[in-house]
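In: here you go, sequence then predicted model.
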Amino acid sequence: MNQTELKDFLDEKVLQYNTLDFIESDPVQIPHLFSLKEDIEIAGFLSATIAWGNRKMIIKNSHKMMDLMGNAPYDFVMSHNENNLEQLESFVHRTFNGQDFVSFIKGLQHIYKNHGGLEAVFTKHQETDSMQKSISEFKKTFFEIQIQNRAQKHISDPMNGSAAKRINMYLRWLCRQDNKGVDLGIWKNISPSLLSCPLDVHSGNVARKLGLLTRKQNDGKALAELDIKLRQLDPNDPVKYDFALFGLGVFEKF
């Protein structure tokens with residue numbers, strides 16, 4: 001396929017998969033449960049954090065996280081007590097355990113009390129062409145307070161060569177205006193043009209088959225390569241192609 005044919009093919013796949021039906025089988029459904037801005041962004045952040053492995057299990061455990069917080073995540077983050085935190089210690093999703101959950105609640109409280117909230121932190125460090133430095137700075141800010149070191153592995157750092165798939169997915173949810181009711185688009189201070197595709201095994205394999213990616217590893221260098229190609233296809237909304245790459249890989253076994 002030439003560039004025009006590739007763009008037409010992928011644009012068609014975006015239209016096919018960027019629909020309300022997508023929500024049913026995706027963890028993006030978790031932030032959709034809420035209407036308060038802070039609830040949406042906290043629910044999205046926590047569910048994106050555990051978004052690896054079996055998708056049904058991710059969704060089930062994300063709902064469990066919300067239940068443990070009384071389905072009022074912002075209120076829980078800001079006004080929890082020690083007894084509330086003890087209730088979280090039974091939680092487990094793969095290597096993310098109850099201690100990690102407690103650490104994340106403390107980190108989130110720090111973000112909202114001392115840094116103006118999640119949107120403010122991500123906005124502060126954005127660059128003119130990328131959000132990857134912003135993700136790295138967010139991680140530093142999140143772990144400024146003394147919490148368990150083991151929790152730090154659950155937020156990737158692009159400056160250490162990671163593709164940071166889950167945080168890039170989270171930023172797509174919060175920043176992208178898709179007018180289809182999937183991505184929430186409640187953050188207005190970060191342009192969708194800066195977003196990167198959540199690069200994983202599925203999107204990476206499809207990207208290679210389509211000639212969008214040559215690097216074999218799904219790491220930060222691969223993400224930078226994919227960014228360039230997707231921005232050529234749509235400079236204003238490059239991350240929309242996540243729907244095409246993911247849909248082709250997961251639903252069509254492309």
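Out: Good, I have the coordinates.

In: now for the residue nearest in space to the middle of the chain: which residues touch it?
Out: Closest to where the C-alpha atoms of the chain average out (CA atoms, centre = their mean) is residue 170, at 2.2 Å. For residue 170, the contact set (CB atoms under 8 Å, 6 or more residues apart in numbering) comprises 44, 45, 48. From N, CA and C alone the C-beta is placed, and that goes for glycine too.

In: can you verify it is assigned to a strand?
Out: No - Residue 170: not assigned to a strand; according to DSSP: H, G, I helix; E, B strand; the rest coil it is helix.

In: now it, nearest residue through space, not along the chain?
Out: Leaving aside its sequence neighbours, residue 170 sits nearest to residue 48 (CB to CB, 6 or more residues apart in numbering; 3.9 Å).

In: also residue 130?
Out: Distances taken as CB to CB, 6+ apart put residue 194 closest to residue 130, at 6.1 Å, once the chain neighbours are dropped.

In: least trustworthy helix or strand in the chain by mean pLDDT?
Out: helix 82-87 (a mean of 93; mean pLDDT, DSSP states H and E).

In: and that helix, which residues are buried?
Out: By neighbour count on 16 or more other CB atoms under 10 Å, the buried set for helix 82-87 is residue 85.

In: how about the helices in the chain?
Out: Along the chain, counting by DSSP state H, helices occupy 3-17, 37-49, 55-68, 73-79, 82-87, 98-114, 118-124, 132-142, 165-175, 201-209, 220-233, 241-250.

In: distance to residue 29 added to these, as CSV?
Out: Listed next are the helices of the chain as CSV, based on distance: least, CB to CB, whole Å:
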stretch, distance to residue 29
helix 3-17, 15
helix 37-49, 9
helix 55-68, 7
helix 73-79, 15
helix 82-87, 24
helix 98-114, 20
helix 118-124, 19
helix 132-142, 23
helix 165-175, 11
helix 201-209, 19
helix 220-233, 25
helix 241-250, 15
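
In: so which of these comes closest to residue 156?
Out: Closest to residue 156 of those is helix 165-175 (CB to CB; 6.4 Å).

In: for that closest one, list the C-alpha coordinates in PDB.
Out: The C-alpha trace of helix 165-175 is given here as PDB (Å, rounded to 0.1, in the frame of the first residue of the first chain):
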ATOM      1  CA  LYS A 165       1.700   2.100  27.100                       C
ATOM      2  CA  ARG A 166      -0.700   2.500  30.000                       C
ATOM      3  CA  ILE A 167      -0.100   6.200  30.600                       C
ATOM      4  CA  ASN A 168      -0.300   7.000  26.900                       C
ATOM      5  CA  MET A 169      -3.600   5.200  26.800                       C
ATOM      6  CA  TYR A 170      -4.800   7.200  29.900                       C
ATOM      7  CA  LEU A 171      -3.800  10.400  28.200                       C
ATOM      8  CA  ARG A 172      -5.800   9.400  25.100                       C
ATOM      9  CA  TRP A 173      -8.900   8.800  27.300                       C
ATOM     10  CA  LEU A 174      -8.600  12.200  29.000                       C
ATOM     11  CA  CYS A 175      -7.300  14.500  26.200                       C
END
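
In: how about the nearest residue to residue 242, chain neighbours excluded?
Out: Leaving out its chain neighbours, the residue that sits closest to residue 242 by CB to CB, 6+ apart is residue 197, at 4.8 Å.

In: if anything else comes up later, I'll come back, but that's it for now.
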